[in-house]
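Visitor: Got a sequence here, can you build the structure:
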Amino acid sequence: MNEISSGGQFGSNGREQRSSMSTMVTDALLGILAAFLIAQLAPWGDTDKLGTTLSVLFGAISGVAIGRWLRPGVLTGLTVALLGVYLVVAMTPVMSLVADRWVRVDPLPADTLDAIVALSAGVKSDSALNAPGADRLIGALELMRAGHARRLVTTHQVERPGARAISSESDQRRLIALASLASVWTIVDSVHTTRDEAVRSAALLLPTGARSIIVVTSPMHTRRACAVFEAVGFRVYCRAARERDFATNPPEANRDRLAALRAYGYERAAMIKYRWKGWLARRPVVTPAPGGSS
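Guide: I've put the predicted structure just below:
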């Protein structure tokens, strides 16, 4: 006979129910851990959002579903594999080797060039440039103050969270005014992609005879961005901006290595798309410095 538990239920059923509930909780927790790891490794989306609420909800649901429908151990194996990749990237210098080969930084000529183009990256809800956008503009301002070009060009980005429109122009104007370069500043309006930035910069500059430019962008973005500008007719000198949020060139801290992996994965995928569409120059007009260093 089955024993009756103190709660009035059969003991064996109670044990089965507890075992089933324990398995579901374990699967949910493994799913949440896997989702957190994916958020740190995957080259898409907002890692802050992916690493919090969405990871908890999606991970818990996916973990229970995987544990229910697939063989025992599949979820554990997946999570352990993700954890292994995470630890290799975060704890070893592998991404430093990748960045050293990937980042393009060209030596600058002694001559003064026609223009410096600072690429945009995004704008925050208070209209301040996001960290990559500010890094790129500051890098361009440093080069302008050093006399490397006659003209400063920035690209204008507009974010639309809901019904509002937030422009990058106001913060760009403030930083450029602080550098006393407003008189040589030109805006390329309303861009959404790197391809837009190149095409609209060409429409602005090439008819005036301005062909030799410095493109300033984030380190991992240099290879694709400069190839796109070369494809529309510019002679490009590529420069990687210093980074003040994550440092991907070279990545030394754990979080920097993970950021470098995400950026590298994104750029690899974007290169495939841009090459397929014919938006990339086949080879750089300017020979990059060895190892992505200046």
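Visitor: For the residue nearest to Gly59 when sequence neighbours are not counted, give its distance to Ala42.
Guide: In space, and not counting its chain neighbours, Gly59 is closest to Ala35: 3.1 Å by CB to CB, 6 or more residues apart in numbering. Just so you know, the C-beta spots here come from the backbone N, C-alpha and C atoms, and that holds for glycine as well. Ala35 sits 10 Å away from Ala42, going by CB to CB, to the nearest Å.
Visitor: And for Phe246?
Guide: For Phe246 relative to Ala42 (CB to CB), the value is 15 Å.
Visitor: And those two? Which one has more around it.
Guide: Phe246 (20 against 14; other CB atoms under 10 Å).
Visitor: Is the more buried one in contact with Asp256, as I believe?
Guide: Yes. The criterion here is CB atoms under 8 Å, and Phe246 meets it with Asp256 at 5.2 Å.
Visitor: packing partners for the host helix or strand of Met95?
Guide: Per DSSP states H and E, Met95 falls inside helix 94-102. Using 3 or more CB pairs under 8 Å, 6 or more residues apart in numbering; DSSP states H and E as the contact test, the elements touching helix 94-102 are helix 254-277.
Visitor: List the residues that contact Tyr226.
Guide: No Tyr there; residue 226 is Cys. By CB atoms under 8 Å, 6 or more residues apart in numbering, the contact list for Cys226 reads 104, 106, 215, 217, 236, 238, 284.
Visitor: The same query, at a cut-off of 10 Å, please.
Guide: 104-106, 194, 198, 213-215, 217, 234, 236-239, 280-281, 284-286, 288 (CB atoms under 10 Å, 6 or more residues apart in numbering).
Visitor: now swap in Tyr266 and tell me
Guide: When contacts are taken as CB under 10 Å, 6+ apart, Tyr266 is in contact with 42-45, 220-221, 224.
Visitor: would you turn those into a markdown table with secondary structure, distance to Leu97 and pLDDT?
Guide: As requested, the contacts of Tyr266 are exported to a markdown table (DSSP: H, G, I helix; E, B strand; the rest coil; distance: CB to CB, whole Å; pLDDT from 0 to 100):
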| residue | secondary structure | distance to Leu97 | pLDDT |
| --- | --- | --- | --- |
| Ala42 | coil | 21 | 86 |
| Pro43 | coil | 18 | 86 |
| Trp44 | coil | 23 | 71 |
| Gly45 | coil | 26 | 52 |
| Met220 | helix | 14 | 97 |
| His221 | helix | 19 | 97 |
| Arg224 | helix | 20 | 97 |
